[in-house]
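>>> Any chance you could fold what I've pasted below:
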Amino acid sequence: MFELAPGNVRIALNAADAAKARVAELEGKVNRAKHPDEILTDSVLALGSGPLHCDLAPAIAAERWDGVRKAYEDCEELSERWHTLEGEAESVRVNAVRKGAEAIRAGKKAPSVAAAILDAETQLESCSLVLTDAVADLRKARSAYDALWRDQKFLAPYRDSVIAAFKEQRAKAAEAYSIIAGAVSETRRRYGTLHDLTVNHLDAIPEEPYSYLPIRSTGWAQADLENALGVLGRQVSATDPLLSGDFLTLPLEEIADAAEEVADNIKGTADRQNYMVPRDGIISTRLI
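The predicted model follows:
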């Protein structure tokens, strides 16, 4: 059985104690290195998603949003880097324990791993610090982007662009409706003729299975198609400013007064209608 000389035993034990203490110190350092999940909270991650602008917005919106995305991607990269460094720090810890154990078995002094441990712990803590700074940059970038939605010099021309695009698209919708409405109506008519010839005149389908087939009031024969066309037709031909969308296109200096006037008219109509609601089966006749 292998035995160490007393002096070597003391050396080995001291080396093991030193390695153990250093490992414990490393673990403490690692614990002090803030985990990315504590830094990149749900509220922080939300800063990098959900752009508010569309393709009609002034160019500055896209520029600032690009800044938000760049800051967000930096945070993601640093988070990945932190996990890599965490794995490296763990490897240093495991190697320190293994080398210390091997030295004890050989009756030798454990090799120093202080430099490697210090480097691992420093990199991990530094990455946490840089990630924290990156989150601050992300907040600043998002704040600069959100500030646009309080800037009249940005919002007013943006609205003008949207108004022009809306009116153009509305005209296209009306044109498309006239085409689709005619095509759908003609298709329904052809289907009705086809059904009549096949089922009623040529008796191609026996009565028993026919009663189970969904071909009489579904598909092209369903009434919902006609109803849908009616809804679309009323919408594309609407002249009421509230229904057509023209109300929202009014100049900003006029829309508030117009809203008050329309609201008063609607409220007055509703009050008169409520005045006529039956109470205990009796309808009021005091309508002015």
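
>>> alpha carbons only for contacts and neighbour counts from here, please
Will do.

>>> neighbours around residue 128, how many?
Residue 128: 21 surrounding residues under other C-alpha atoms under 10 Å.

>>> Quick one: list the elements packing against the host helix or strand of it.
Element membership for residue 128 (DSSP states H and E) is helix 114-147. Under the contact definition 3 or more C-alpha pairs under 8 Å, 6 or more residues apart in numbering; DSSP states H and E, helix 114-147 sits against helix 6-32, helix 36-39, helix 59-106.

>>> ok, now with 6 Å
The contact analysis (3 or more C-alpha pairs under 6 Å, 6 or more residues apart in numbering; DSSP states H and E) places helix 114-147 against helix 59-106.

>>> Centre of the chain to the helix it packs on, how far?
In terms of C-alpha atoms, centre = their mean, to the nearest Å, the centre of helix 59-106 is found 26 Å from the chain centre.

>>> ok and it relative to helix 114-147, angle-wise?
160 degrees (axes from the mean of the first three to the mean of the last three C-alpha atoms, to 10 degrees).

>>> thinking again about what came up before, any idea of the angle the helix or strand following the helix holding residue 128 forms with helix 59-106?
For helix 114-147, the succeeding helix or strand toward the C-terminus, using DSSP H and E, is helix 152-195. Relative orientation of helix 152-195 versus helix 59-106 (the same axes, to 10 degrees): 90 degrees.

>>> hang on, the earlier thing: what comes up buried for the helix holding residue 128?
By neighbour count on 16 or more other C-alpha atoms under 10 Å, the buried set for helix 114-147 is 117-118, 120-125, 127-128, 131-132, 134-135, 137-139, 141-142, 144-146.

>>> cool, and stretch 41-52?
Of the residues in stretch 41-52, those buried (16+ other C-alpha under 10 Å) are 44, 47, 48.

>>> Same question for stretch 185-205.
Neighbour counts using 16+ other C-alpha under 10 Å place 188, 191 of stretch 185-205 among the buried residues.

>>> can you dump the C-alpha coordinates of that stretch into CSV?
Taking Å, rounded to 0.1, in the frame of the first residue of the first chain, the C-alpha atoms of stretch 185-205 are listed here in CSV:
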residue,chain,number,x,y,z
SER,A,185,-73.3,36.6,-58.1
GLU,A,186,-72.7,35.1,-61.5
THR,A,187,-71.0,32.0,-59.9
ARG,A,188,-74.0,31.5,-57.6
ARG,A,189,-76.4,31.7,-60.5
ARG,A,190,-74.4,29.2,-62.5
TYR,A,191,-74.3,26.9,-59.5
GLY,A,192,-78.0,27.1,-59.0
THR,A,193,-78.6,26.1,-62.7
LEU,A,194,-76.1,23.2,-62.3
HIS,A,195,-77.8,22.0,-59.2
ASP,A,196,-81.2,22.2,-60.8
LEU,A,197,-80.2,20.3,-64.0
THR,A,198,-78.2,17.6,-62.1
VAL,A,199,-80.6,16.9,-59.3
ASN,A,200,-84.1,17.9,-60.5
HIS,A,201,-84.1,17.2,-64.2
LEU,A,202,-81.6,14.5,-64.7
ASP,A,203,-82.3,12.7,-61.4
ALA,A,204,-78.6,11.9,-61.2
ILE,A,205,-78.6,11.6,-57.4
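
>>> contacts for that stretch?
residue 220 (C-alpha atoms under 6 Å, 6 or more residues apart in numbering).

>>> Just the pLDDT for the closest residue to residue 120 other than its chain neighbours.
Distance criterion C-alpha to C-alpha, 6 or more residues apart in numbering; nearest residue to residue 120, sequence neighbours excluded, is residue 89 at 5.1 Å. In this model, residue 89 is scored at 84, pLDDT.

>>> looking at this structure, which helix or strand does the model trust least?
When each helix and strand of the chain is scored by mean pLDDT, DSSP states H and E, helix 6-32 comes last, with a mean of 55.

>>> start to end distance for stretch 206-214?
The first and last residues of stretch 206-214 sit 14 Å apart, counting by C-alpha to C-alpha, to the nearest Å.

>>> Restricted to helices, list the buried residues of stretch 41-52.
Among these, the residues falling in helices (DSSP state H) are residue 44.

>>> Would you reformat the buried residues of stretch 41-52 as a markdown table and include distance to residue 161 and pLDDT?
Shown next, in a markdown table, are the buried residues of stretch 41-52 (distance: C-alpha to C-alpha, whole Å; pLDDT from 0 to 100):
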| residue | distance to residue 161 | pLDDT |
| --- | --- | --- |
| 44 | 32 | 96 |
| 47 | 26 | 97 |
| 48 | 26 | 95 |
